[in-house]
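Student: Build me a structure from this.
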Amino acid sequence: MFHLRYISRIFTGKESKEWVLRRIRPQIPSSKLDLVVAAYSLNGEFLGIQEVTGGLLQLCKDSNTRLDAAYVFGTTYSQRCQLNVQDFWNNTAYQQMAFYDLFYRNPDDSALRTLYAIPVLITNVQYSNTDNSAGDRTRWQLVRRFFLVDPIGTKLAADGEPQVVRYASSFSIGVQLRSGNREGEIYPPLVRITYSEATLDDYTANAKVTVSFSVNYEMSTATYEQDVQIAIGVLSALAILWALFISTSSWRRRIGAQMVDCTSLLKFILYTFGPLGNAFFLVAMGAALSWLLFFKRQDQVYLLLPTPAQEETFIIYLSVACALKCLEMLHFLFTQMTVDIFFIDWERPRGKTADVEGGNGKSQSVSMWRTYFVANEWNEIQTTRKSNTVFQLFTVLLFMNVIGFENLTTTDPRAYLVIDSEQYVGGYSKLLRFGMMSTVYLVVAITQWLFFTFFYERFVEDKLGQFVDLCSMANVSVFIMANTHFGYYIHGRSVHGQADTGMQEMYEMMVREEDNRCGQRGLLPNTDNQTFEMSLPHKLRDQYDSIIKPLQQQAAAARGQNRPRAGGGNTTSAGVDINQQVDAYKKLNKYLAAFIDHSRPDIDYIVKDKMFLERLLDMEFLETTDKGHFYNDDGHSFDAVLFYGNELVLLTFELVVFSVVDLIGQSYVLDAVITYLISRFISNLRDSGGRKNLAKKTLVDERFLI
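Tutor: Numbering: from 1, shown residues only. Now for the predicted structure:
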């Protein structure tokens, strides 16, 4: 039998554990934590060796299946209940006091199996020069013998009633797995017991007391934490390099910056949030998923779940990812709600109105309703996405709660979708919940994206393609400047030269186009390409600002003076003089139309294809001076200023929010509700800000945007 004195040395680090460890090799799933007790009566009589199964050490009673689950190796077990104090005096089960010595029975093949004594730490006992409640093991005083209930020690007479009953209010067995190359080996377990007292006053008041029993497993996660830190370091470095040399460099080229200033530094920091958040999230998800797979599928124990204290590192990484993604979302919304956009109306007056006095008359005005219609359609597609948030969250809930994937995230080593009600089910692990939920979330999202991209968009509805078609039918082009000298162009000039027609003429034009009896819609002759990325000359931006800035300053002054914004009289809803706004609209429309038509002698552009590396890095290598560049694209390049082209940003943000809420609430339904509300708030904010920006930049009165 293993002597207690040697165990004391083990726990104080004074002796080697080697010869004890070689004999303790539990296997999953069939192995048990094979514990027995040597029982003694109050007068020291040996009562024999007893099995701990059947609830011998557990004051809380339950079915034998649930009670014995405590000794299934690898199962983090927790049991808590309330007992009636009067049972300590009245129940005969507690009247026969017994002392126990706990032993681990080595599962070897010999006929005479070895018993290893397990030390006991009574946390609230006081000895001189010792402190069992401290974390310093050198100050512990370990013992061998313990009891569960003591109804004898405080009796004033042999046949009298006890004044106080002492009981084990907390009984915990701690098992630590040995790290390194010795898979399946454990250190000697340690029992921690906290005793409490119930008095006669408690008996009279019919009070209830809480008792708990737990079995906890622990292993050193230093190696795993080091691997995670290395992964974080490498990915963070790559994220910072990407933000510096790709995102920030591309932005500086697109605004025409010549020197590195404070604005460039700020933009670099803003561009760092997204990649860094993705790096932290990917590492946290990878760690959680690997723990889920290997913990649930291991045959010989070499991996245990992190303790709540060890999980703090994972929680910190995920919290940092959430904070970074929130900052990225704010930057993303700001950039989307401040793009410059203008609708170029190609329609020309058909003639002049007759003068009643026989004069030449005035030129017929061009209807503005086509531009209003295009503006409203653009306003509607600003928050269109490639995935459905409601379907996404509902499907995740279906898999996790209904099908039972949540049952795979318990702290016990079993992996069953359906759990027998008679079996003990461990609590949920935050790490495993995150690993399973994030995997399901991403699988559903990828499935949605594949369905939308390869089926729905091709055979059901392509909203961006429909918008481009609408521009062609309305004879309106869309000129978008996402940055100072970079943007997107949708060529909507009608091949028929006009769009202000009646129903009959409209049908005839459509038939001519179907029969190829007219030109093609593309910007270049005999081409169909209508969408482009633009790298614009500096002179064009200067002229644009000279036309738009006075109106913006006038609107800002109106807001500063708190003028009514309902419109009326000679002002728009933004407080701008109507005549000035109309003149500015005509001037800017004429200027941009002339630029597209190559009619400006001072500025021009050429149409070309982007190089593969330019497309891959989303960057333009050529500098623009007096001549701009229009780059052919795949038809959807302008979705970069819409939700439609930023699905990854939105998806990862919602996933991180879902995950962080789950860390707090541990309820997938609550996670889904809060994630949906935040998603709707962001969508409504983008819609409201986008509408105001659209009215401000296109010179279309906001009252016409529905």
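
Student: Could you pull out the buried residues of stretch 420-437?
Tutor: 424-426, 428-437 (16 or more other Cβ atoms under 10 Å). Backbone N, C-alpha and C define where each C-beta goes, glycine included.

Student: just the residues you listed now: which is nearest W89?
Tutor: Nearest to W89 out of those is Y424 (Cβ to Cβ; 30.5 Å).

Student: Name the nearest residue to the closest one, sequence neighbours excluded.
Tutor: A69 (3.4 Å; Cβ to Cβ, 6 or more residues apart in numbering).

Student: Make sure the one you found is indeed in a strand.
Tutor: No: counting by DSSP: H, G, I helix; E, B strand; the rest coil, one finds A69 to be helix, located in no strand.

Student: tally of neighbours for it?
Tutor: Using other Cβ atoms under 10 Å, A69 has 20 neighbouring residues.

Student: Read off the pLDDT value for it.
Tutor: pLDDT for A69: 89.

Student: before we move on, what about A482?
Tutor: So A482 comes in at 94 (pLDDT).

Student: Let me see the contact set for N589.
Tutor: When contacts are counted by Cβ atoms under 8 Å, 6 or more residues apart in numbering, N589 touches 342, 344-345.

Student: Looking at those residues, which is nearest R493?
Tutor: Within these, proximity to R493 (Cβ to Cβ) peaks at I344, which comes in at 8.2 Å.

Student: Could you tell me how far the strand or helix carrying the closest one lies from the centre of the chain?
Tutor: In the assignment (DSSP states H and E), I344 maps to strand 340-345. Remark: strand 340-345 is offset 36 Å from the chain centroid, using Cα atoms, centre = their mean, to the nearest Å.

Student: which intervals of the stretch 451-600 of the chain have sub-threshold pLDDT?
Tutor: Counting by pLDDT under 70, the stretch 451-600 of the chain shows low-confidence ranges at 558-569, 572-575.

Student: Sorry, wrong one. I was asking about the stretch 251-400 of the chain.
Tutor: 351-364.

Student: How are the helices of it distributed by residue range?
Tutor: Here the stretch 251-400 of the chain has its helices, by DSSP state H, counting those that start in this stretch, at 262-297, 311-336, 369-381, 389-397.

Student: got the ones you listed as CSV, with distance to S599 and mean neighbour count columns?
Tutor: Shown next, in CSV, are those (distance: least, Cβ to Cβ, whole Å; neighbours: other Cβ atoms under 10 Å):
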stretch, distance to S599, mean neighbour count
helix 262-297, 35, 19
helix 311-336, 32, 18
helix 369-381, 21, 18
helix 389-397, 46, 17
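
Student: Including distance to P413, could those helices go into CSV?
Tutor: Formatted as CSV, the helices of the stretch 251-400 of the chain follow (distance: least, Cβ to Cβ, whole Å):
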stretch, distance to P413
helix 262-297, 7
helix 311-336, 18
helix 369-381, 50
helix 389-397, 25
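
Student: how about these, which one is nearest N693?
Tutor: Closest approach to N693 among those (Cβ to Cβ): helix 311-336, 8.6 Å.

Student: for that closest one, the distance to its chain's centre please.
Tutor: Computed by Cα atoms, centre = their mean, the chain-centroid distance of helix 311-336 equals 8 Å.

Student: What is that helix packed up against?
Tutor: Helix 311-336 is packed against helix 222-242, helix 262-297, helix 430-451, helix 647-665, helix 668-698, with contacts defined by 3 or more Cβ pairs under 8 Å, 6 or more residues apart in numbering; DSSP states H and E.
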